[in-house]
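S.K.: let me see the structure of the following:
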Amino acid sequence: MADRYSFQSPFSQGSGGDPWFTVGSIAVNTTTFVTGLGLLGVILQVVAPAVNNLLVLTDRAILGGQLWRLVTYPIPSGNDFFWGLLGLLFFYMIGSQFERLLGRRAFTSLMVAIVVVPAVLGTLVAILTGTGIGVFGLSLPFLGVAAGFSAANPQARSFFNIPFWAIVAFFLVVQLLTALAVRSPASIVMLLSTTGIGLVMTRSLGFSNVEWIPTVALPGSVTGDGVATAPRDAKPKRGRGKKSKGKSHLQSVSAPTSRATEAEIDALLDQVNDFGIDSLTKDQKKTLERHAQEMKKRREG
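M.R.: Have a look, this model is predicted:
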């Protein structure tokens, strides 16, 4: 099973990172909040479809001053409830892992960018070309999240040991071909911008080493630079039994040297801690060994 999936289950302890707030026993982070809004859209489609219609992104509605649709269009759900719920499940699975990697501030900024910017660009194109636009659901934001996740974890594998990035690329191509078939330039712009934002922001935040992805300067409110935070070592450690000793040892011999390396090491160490060293793939074991050797050379040097 470990060779089949190279990213952790989001239902493991600590998934999703620090919550913004809690409701009873439920820790609400950005992924949970967005998934909850999507679930609300599924319910509204059954009990109050007219409300959902007020949230869909259309160029006519924006021209009419209904600007809230630029941020509410991921909420409505289509009539196919099974695929809607399945999409929410996949968004939660990938989003939880990605939010844990990036941190809640950076992940929230990413979500805002991949929702608002493509909506604005798509609406402008629809108005200028007179082709119209009608967008709803989490499929577009999920594409941006999945693209960013694949950039941060280029070695991640999914079903049948298929590289996760290949699955993301496949769905992007399918949706682009669909948009071309119906002659929807606005949809094409939204697809490309959503994917691009996911890739570029992940790389710019320092969580990807994929060299062909460009980087841009991000404000400190996104990167966290200049924002007072507790030192990493000061964070409370969760009790994990005997396995935590092994994780501390691995951390000592493979200290990260960059944000991307730190994120990669943390993900692998958490996987070892939760599921044991045998859960790592051969490539993941080689990655840990490589970082350990690099740390050893720096100490000896």
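
S.K.: from here on, contacts and neighbour counts on C-alpha atoms
M.R.: Will do.

S.K.: how close does V117 get to G103?
M.R.: Look at V117 and G103: by C-alpha to C-alpha, to the nearest Å, they are 21 Å apart.

S.K.: brain fart, G130
M.R.: 40 Å.

S.K.: same deal with H291?
M.R.: 23 Å.

S.K.: of G130 and G103, which one has the most company?
M.R.: Neighbour tally, G130 and G103, criterion other C-alpha atoms under 10 Å: the higher count belongs to G103, 17 against 11.

S.K.: pop out the phi and psi values for that one.
M.R.: Main-chain torsions, G103, degrees, to the nearest 10: phi 100, psi 160.

S.K.: was I right to think P76 contacts V46?
M.R.: No: in this structure, P76 is not within contact of V46 by C-alpha atoms under 8 Å, at 10.9 Å.

S.K.: so which of the two has more stuff around it?
M.R.: Each of P76 and V46 has its neighbours counted (other C-alpha under 10 Å); P76 has more, 29 against 13.

S.K.: quick check: chain neighbours aside, which residue is closest to the more buried one?
M.R.: What sits nearest to P76 in space, not counting adjacent residues and going by C-alpha to C-alpha, 6 or more residues apart in numbering, is G41, at 4.5 Å.

S.K.: quick check: that neighbour touching S77?
M.R.: Yes: assessed by C-alpha under 8 Å, G41 is found in contact with S77 at 5.3 Å.

S.K.: okay, and the common contacts of the two?
M.R.: N52 (C-alpha atoms under 8 Å, 6 or more residues apart in numbering).

S.K.: any figure for the gap between the residue nearest to P76 and G134?
M.R.: G41 sits 16 Å away from G134, going by C-alpha to C-alpha.

S.K.: got it, and K285?
M.R.: In terms of C-alpha to C-alpha, K285 sits 46 Å off from G134.

S.K.: equivalent analysis for Q66, please.
M.R.: Between Q66 and G134 the computed distance is 14 Å (C-alpha to C-alpha).

S.K.: contact partners for P19?
M.R.: Counted by C-alpha under 8 Å, 6+ apart, P19 has contacts 27-30, 104.

S.K.: if I've got this straight, it is in a helix?
M.R.: No: with DSSP: H, G, I helix; E, B strand; the rest coil as the criterion, P19 is assigned coil and is not in a helix.

S.K.: please export the C-alpha coordinates of stretch 200-217 as PDB.
M.R.: Taking Å, rounded to 0.1, in the frame of the first residue of the first chain, the C-alpha atoms of stretch 200-217 are listed here in PDB:
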ATOM      1  CA  VAL A 200       3.500  29.700  -9.200                       C
ATOM      2  CA  MET A 201       2.400  30.500  -5.600                       C
ATOM      3  CA  THR A 202       3.600  27.100  -4.400                       C
ATOM      4  CA  ARG A 203       7.000  27.700  -6.000                       C
ATOM      5  CA  SER A 204       7.200  31.300  -4.800                       C
ATOM      6  CA  LEU A 205       6.400  30.300  -1.200                       C
ATOM      7  CA  GLY A 206       9.400  28.000  -1.300                       C
ATOM      8  CA  PHE A 207       7.600  24.700  -1.200                       C
ATOM      9  CA  SER A 208       8.600  23.400  -4.700                       C
ATOM     10  CA  ASN A 209      11.900  22.700  -6.300                       C
ATOM     11  CA  VAL A 210      10.500  22.300  -9.900                       C
ATOM     12  CA  GLU A 211      12.800  24.700 -11.800                       C
ATOM     13  CA  TRP A 212      10.600  25.400 -14.800                       C
ATOM     14  CA  ILE A 213       7.900  27.000 -12.600                       C
ATOM     15  CA  PRO A 214       8.500  30.800 -12.400                       C
ATOM     16  CA  THR A 215       8.500  32.600  -9.100                       C
ATOM     17  CA  VAL A 216       7.100  36.000  -8.100                       C
ATOM     18  CA  ALA A 217       7.600  38.200  -5.100                       C
END
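
S.K.: if we can go back for a sec, which one of G41 and G134 has more residues nearby?
M.R.: G41 (25 against 16).

S.K.: contact partners for that one?
M.R.: G41 is in contact with 52, 75-77, counting by C-alpha under 8 Å, 6+ apart.

S.K.: export these to a markdown table and tack on secondary structure and pLDDT?
M.R.: Shown next, in a markdown table, are the contacts of G41 (DSSP: H, G, I helix; E, B strand; the rest coil; pLDDT from 0 to 100):
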| residue | secondary structure | pLDDT |
| --- | --- | --- |
| N52 | helix | 91 |
| I75 | coil | 94 |
| P76 | coil | 92 |
| S77 | coil | 85 |
